[in-house]
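[1] let me see the structure of the following:
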Amino acid sequence: MSYRLDVFSGVGLNEARLTLALDGRRARELPRLEKLWSYFRNPLEPVGVGGAIGSTRRGWYRQAQETGLPDRVTGARRDPALDDRAGGRREVVIENDIAWRVQLMVDFLFGKPIRILSTSADERTRESIELAIEAVWEASGGIALLQDIATLGHVYGHVDLAVRIDEDRLLRARTGDVAAIAEAIRIEPVDARRGFGFMDRDDYRELDAYAICVERESTPRAGAQSERQRRLRGGRRAARRESAARDRVLSLELIGPGVRQVYEDGLLAEESRSVLLPETLPIVHVQNMSQPFVYTGLSEVESLIPLQDELNTRLSDRASRVTLQSFQMYLAKGIDGFDRAPVGPGALWQTDNPDASVQAFGGDAASPSESAHIEEIREAMDKVSAAPPIAGGVLRGRIGNLSSATALRVTLIGLLAKTDRKRVTYGRGIADASRIVLEALDAAGVLRTSAGDRGVRVAWSDPLPTEERDDIAAARAKVELGVESERVMSELGYEATDPSIR
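    Residues are numbered from 1 along each chain as shown. You can find the predicted model right below:
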């Protein structure tokens, strides 16, 4: 492969640095990221003879979290010195406690719409900025986009936002045309398995350039397509050969300050330069929770994986024990043919041997230590994630007066505190992406702003259910303290003309 990276010489990106990053990422980082996603998603993989979707054969699938189970449970042991039964597959129980905790944390962060408010001192400029920013975020996906961003960030520990700007369309837009602005600008989340940054050598918080690497199927040319159709007429064998020979193309997109390149299998396919933002890298890095002196943030999944493996192991052990002990078994002495006799209600066995006996054993027995251990694992997962089951609506005991909002907040104080920490990092990412949008709009002459006008802040909603009367009382108190009533009510999602606050 031969890359033409002269346009990135100003940020120190050369072919050696790029090749080293790609090789290291493929060998070390991608397997780790794939594991994080598989533990969150826990997808089913069809296996065996009955592996086809729709099969009724028991055990037609395997789950991703089975990789964390010991060999004695999954039957992966291959020791010829052991008995065959010792290496067989036992009862496998997977309870994905990671997924619902991550989804719960996402719901607390972006379960309700947010408001992006301008900090400009001029009222008319502030209104114009808020309309433009809201149009761009809504056109990019709105609340669904924010939830996708939070999901990726919670799983991988960080998520990157790419601000895509169609400069030709934006330059043709009229001043203040919100619809044209929404069509020309998009904010796109980048999966950590696809995108990675080149950090500044002197400051780990700054990016020199960014790369998005995607492997996809090649698009056949017209002549190749006709040849493909001719081969497919030969029947199923030709179709299989065509499917096996289908080409895969490695698409690499490099983004730098004011420049963008796209490579297809190492060949330069596209290059463009930015007219509006020649010195700006349109990438925003968002950490799930900040981690000192490290570019990536803290993943919610990574800390739960050891506990999840232990929980699945103990649940599988308990299922195996219950399976063995739930059946009544008999030890017969001095009765000929007992192994062929029916065992069931009303069955009669007879023998002339006075020393014959039938001894019953088995049946499920209580195991307090096992139950206590499983419960302790669940409590450990509650503490590590700060997401107790009660936050998802599962009530195990009394929490005081259920009508008291204070009792509920005390119970969820860990989750609420963690949510507030994440609002700092995700809010900063939203503000940085909005600032890049405003810079592009100013450069295109669509919405003129100064550097001081481009600051924004996020108005977050309360993640817990609230009473309307409480919101109105809080708004009335702010108005009495001298805060503008229109702005207070807009932050709470009400119209300022609501007669209930008069």
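
[2] can you pull the buried residues of whichever strand or helix holds Ala440?
    In this structure, Ala440 sits in helix 413-444 according to DSSP states H and E. Buried residues in helix 413-444, counted by 16 or more other CB atoms under 10 Å: 415-416, 418-419, 422-423, 425-444. Every C-beta, even on glycine, is put in place using the N, C-alpha and C of the backbone.

[3] residue contacts, the nearest residue to Asn14 once chain neighbours are set aside?
    Distances taken as CB to CB, 6 or more residues apart in numbering put Leu5 closest to Asn14, at 5.7 Å, once the chain neighbours are dropped. Leu5 makes contacts with 13-15, 18, 254, as judged by CB atoms under 8 Å, 6 or more residues apart in numbering.

[4] so which of these are in helices?
    15, 18 (DSSP state H).

[5] where exactly do the strands run in this structure?
    Taking DSSP state E as the test, the strands found in the chain are 44-46, 61-63, 115-118, 158-165, 185-190, 195-199, 207-217, 248-256, 259-264, 267-273, 283-287, 328-333, 357-362, 456-459.

[6] what's the spacing between the first one and its chain's center?
    Taking CA atoms, centre = their mean, to the nearest Å, one finds the center of strand 44-46 at 20 Å from the center of the full chain.

[7] show me what that strand is packed up against.
    strand 61-63 (3 or more CB pairs under 8 Å, 6 or more residues apart in numbering; DSSP states H and E).

[8] and the strand it packs on, what does it pack onto?
    strand 44-46.

[9] hang on, isn't Leu441 packed against Ile181?
    Yes: using CB atoms under 8 Å, Leu441 is in contact with Ile181, at 6.6 Å.

[10] what sits in contact with each of those two?
    With CB under 8 Å, 6+ apart as the test, Leu441 and Ile181 both reach 132, 170, 447.

[11] mind listing what the residue nearest to Gln359 when sequence neighbours are not counted touches?
    Leaving aside its sequence neighbours, Gln359 sits nearest to Leu331 (CB to CB, 6+ apart; 4.5 Å). Leu331 sits next to 358-361 when contact means CB under 8 Å, 6+ apart.

[12] quick check: of those, which lies closest to Ala139?
    Phe361 (69.6 Å; CB to CB).

[13] re the thing from before, can you put the contacts of Leu5 in TSV and add distance to Asp148 and neighbour count?
    Shown next, in TSV, are those (distance: CB to CB, whole Å; neighbours: other CB atoms under 10 Å):
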residue	distance to Asp148	neighbour count
Leu13	29	21
Asn14	34	14
Glu15	33	12
Leu18	28	20
Leu254	24	23
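
[14] tell me where the model's unsure across the stretch 251-400 of the chain.
    The stretch 251-400 of the chain contains residues with pLDDT under 70 at 326, 362-364, 395-400.

[15] same deal with the chain?
    Ranges of the chain meeting pLDDT under 70: 1, 48-58, 77-87, 218-247, 326, 362-364, 395-405, 467, 478, 482-502.

[16] mind running it again at 50?
    Along the chain, segments meeting pLDDT under 50 span 51-57, 83-85, 221-228, 230-232, 236, 239, 243-245, 496-502.

[17] from the centre of it, point out the most distant residue.
    Asp352 (70.5 Å; CA atoms, centre = their mean).

[18] once you drop chain neighbours, what's closest to Thr419?
    Spatial nearest neighbour of Thr419, excluding adjacent residues (CB to CB, 6+ apart): Phe108 at 4.8 Å.

[19] re the thing from before, from Ser371, how far off is the residue farthest from the centre of the chain?
    47 Å (CB to CB, to the nearest Å).

[20] so which of the strands of the chain gets nearest Ala407?
    strand 456-459 (26.6 Å).

[21] how far off centre is that closest one?
    The answer for strand 456-459 is 24 Å, by CA atoms, centre = their mean.

[22] just stretch 317-325 next, same as before
    With CA atoms, centre = their mean, you get 34 Å for stretch 317-325.

[23] burial count for Val284?
    Val284 sits with 22 neighbouring residues when counted by other CB atoms under 10 Å.

[24] for Tyr3, what are its contacts?
    Contacts of Tyr3 (CB under 8 Å, 6+ apart): 15, 18, 263, 266, 268.
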